[in-house]
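Student: turn this into a model:
(one chain, ligands or ions: 1)
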Amino acid sequence: MNVSSRVVQTTCPYCGTGCGVEARISPSGAVEIAGDPLHPANYGRLCVKGSALAETLTLEGRLLHPIIKGARASWREAVDLVARRFRETIEQHGPDSVAFYVSGQMLTEDYYVANKFMKGFLASANIDTNSRLCMASSVAGHKRAFGADIVPNVYEDIEEADLVVLVGSNLAWCHPVLFQRLEQAKARRADMRVVNIDPRRTATSEIADLQLSLKPGSDVALFLGLLRFLERTGRRHAAYVDRHTKGADNALLAAQDWSLTKVAAATGLDETALAEFYEAFAATERTVTIYSQGVNQSSAGTDKVNAILNCHLFTGRIGLPGAGPFSVTGQPNAMGGREVGGLANQLACHMELENARHREIVRGFWGYERVAAKPGLKAVDLFEAVGDGRIKALWIIGTNPVASLPEADKIKRALAACDFVVVSDVMAETDTAPFAHVQLPAQPWGEKDGVVTNSERRISRQRALGPAAGDAMPDWQILCSVARAMGAKGFDYAVSADIFREYAALSGHLNHGERSFDISACAEISAAAYESLRPFQWPWRRGETAFARPKRFFANGGFFTPDGRARLVATPYRPPQSRTSAAAPFVLNTGRLRDQWHTMTRTGVAPRLSQHVAEPFVEIHPEDAASLKLQPAGLARVSNAHGAVILRTLITDRQQRGSVFAPIHWTDQHAAAARVDALVAANVDPLSGQPELKASAVRIEAWPAV
Ligand code: SF4
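Tutor: So this is what the prediction gives:
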């Protein structure tokens, strides 16, 4: 080891596991990455993406200077133009004629400032986030059941459970370090069982004792059947249900017809396998149910979440060591965004936009005359409003909606028609960049500084490894510059710690029983303490000692509903909205690969990460491939009314018949006609607004046609 190297402790910028990273920086500037052995998310482990982080620290493709209409500009020119166009638009058309579309990649401080700017200074709630595509159904389900958006359990519970049920989660690829923890626990404990519920067999299936390849979108039917089974086998935790919940009778009424035979018909599973799962769940007190995008990304996503929560509430298995429902988030700071009001229907610190008292608390704290009084537009509706001219000025921060939103070609048309589009990004050329009137250079991981929150409510620091490149600035500074240029007060932060202190202080302002998110212990944190802050789980209330035992919720009730009781929710089964037909007979499921991240702006520059899978593909069952005359490693055209893509064929029996899978990572930047989100209809969950990215009806043909 070089004695003059320095080590920076930071957090991985990819999945919601939120692993601690140690970056060792030599005097020459070379960076070596290792897992932080003391970080409670990973205890030194990293997956292949995290361990390749040093290879992504390149200036290749970076946006290093502001750009106005294709020409380099100064920060002064860019900030003045953005401020002037937003001010003029609001003067002519009102505050709801402007919008921000932000990202779960942003640090919490960035997210907080963006929300204060839009919901406070501009008094509109037209700010939504790409986290809408990732976990909005879990947020809505948590709020409906618990009265607040809270993940009740902690990562240790995955290791302590006797039964781990995975639903719509390819944990092995999408949260690889959590999977390693599960795998290692299972290797140590002969009595641990894993059930994997997923329409396709994945890398996660390899440790499953039971694989349930259900029909796409039929999860609610499966959990209705489980609730009925739990009732009929005497598994109701009567004391817990009577004392701490409401709604059990209604939930059971919705489940009463769901016999094994009916569930088998709806899910396509055989009754023996179903009975095995139901009996295992019924018999195992220490059961953790992990769920992710297969549950959330659905037009029935919130019902799927509540169907799972119902089974845990009914058995009192929640917030206990080794027992509870566990939503794992996709993005590194999806959870942090939820804390500072990143969604269009929230205020900061878990306060409600539609609650007049909460609005008054936030308004008074920020010191504005008013704050947004009604929820803003959720992602899909927001871009609809861009397309039809209701939104005339849009600022996109750290995300690539032309590649990632449903009906991506329609998003292109909407942006092309918009009067004024600003894009803040770390990369110069993205699918969205050509639509920008102004491009603003943001700092990437390795240059920026702040906090993120992982799936178990653990707040960790991301720290800069060195100075920023070119003119790049942190997102919060860019936002503050524009806000000040528009005449806003309250955007004079000198460093990110100032912002952290402010939202920590705001988190202590609700009445005690309402305070679900509370980090008021950090309200007066010193600059030095912020700099050396170790990962901690919220809540961390004023006067409490940090770094105590793992913090769980709800084992003894204490929900955040007005009466303190959880709600079991009746969840009638609805199949996916996009129905197959003779013209589009296959169900397309989209998702992530092990070694890539989103649209590959970072992972795409590390050659070893492309060795796993080098090009976009569609995975299809051998019998379907034969009927379509598809050749192994040949090409297929996948299409529907919304668009068409050309993909390499991967023929495997991991897919069930009638259903195909394609990864989300490739865009028009990488290969012509590879954006699979162009095929996804804009069908959304009615409560969460989350689009159905897992079940789109498509047609498949050999390409070129034979
Ligand atoms: Fe990063 Fe997630 Fe891998 Fe951990 S598991 S190193 S957070 S990508």
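Student: look up phi and psi at Arg637.
Tutor: Phi and psi for Arg637, reported as degrees, to the nearest 10, are phi -100, psi 120.
Student: for Cys19, that is, sorry about that
Tutor: With angles defined as degrees, to the nearest 10, Cys19 sits at phi -70, psi 140.
Student: got it, and Glu32?
Tutor: The phi/psi pair for Glu32 (degrees, to the nearest 10) reads phi -120, psi 140.
Student: number of residues surrounding it?
Tutor: Glu32 has 16 neighbouring residues, counting by other C-beta atoms under 10 Å. The way it works is simple: take the backbone N, C-alpha and C, and place the C-beta from them, glycine included.
Student: which residue, neighbours along the chain excluded, lies closest to it?
Tutor: Residue nearest to Glu32 in three dimensions, not counting chain neighbours: Arg24, with 4.4 Å by C-beta to C-beta, 6 or more residues apart in numbering.
Student: burial measure for the one you found, as a count.
Tutor: Quick note: Arg24 (other C-beta under 10 Å) scores 17 neighbours.
Student: now do the one 4 residues further on
Tutor: Summarising burial for Ser28: neighbours were counted as other C-beta under 10 Å, giving 7.
Student: so it, which of the three states?
Tutor: coil (DSSP: H, G, I helix; E, B strand; the rest coil).
Student: ok, now which ones touch it?
Tutor: By C-beta atoms under 8 Å, 6 or more residues apart in numbering, no residues touch Ser28.
Student: need the pLDDT of it.
Tutor: Model confidence at Ser28, given as pLDDT, is 92.
Student: got the residues of the stretch 151-300 of the chain near the ligand?
Tutor: Taking C-beta under 6 Å from any ligand atom as the test, the list of the stretch 151-300 of the chain residues beside the ligand reads His175, Pro176, Val177.
Student: let me know the closest of the residues you listed to the ligand.
Tutor: Val177 (3.6 Å; C-beta to the nearest ligand atom).
Student: hang on, that closest one in a helix?
Tutor: Yes: checked against three-state DSSP, Val177 lies within a helix.
Student: right, and it touches Asn42 too?
Tutor: Yes: with contact defined as C-beta atoms under 8 Å, Val177 counts as touching Asn42 (4.8 Å).
Student: intersection of neighbour lists for these two?
Tutor: Residues touching both Val177 and Asn42 by C-beta under 8 Å, 6+ apart: Thr17, Cys19.
Student: mean confidence for the helix or strand where the residue nearest to Glu32 lies?
Tutor: Under the criterion of DSSP states H and E, Arg24 resides in strand 20-25. On average, the pLDDT along strand 20-25 is 98.
Student: still on that earlier bit, so which of the residues of the stretch 151-300 of the chain next to the ligand is the closest to Met486?
Tutor: Proximity to Met486 was ranked across these by C-beta to C-beta; first place goes to His175, at 40.1 Å.
Student: ok, the closest one - contacts?
Tutor: Here His175 is in contact with Cys15, Gly16, Thr17, Ser169, Ser292, Val328, Ser455 (criterion: C-beta under 8 Å, 6+ apart).
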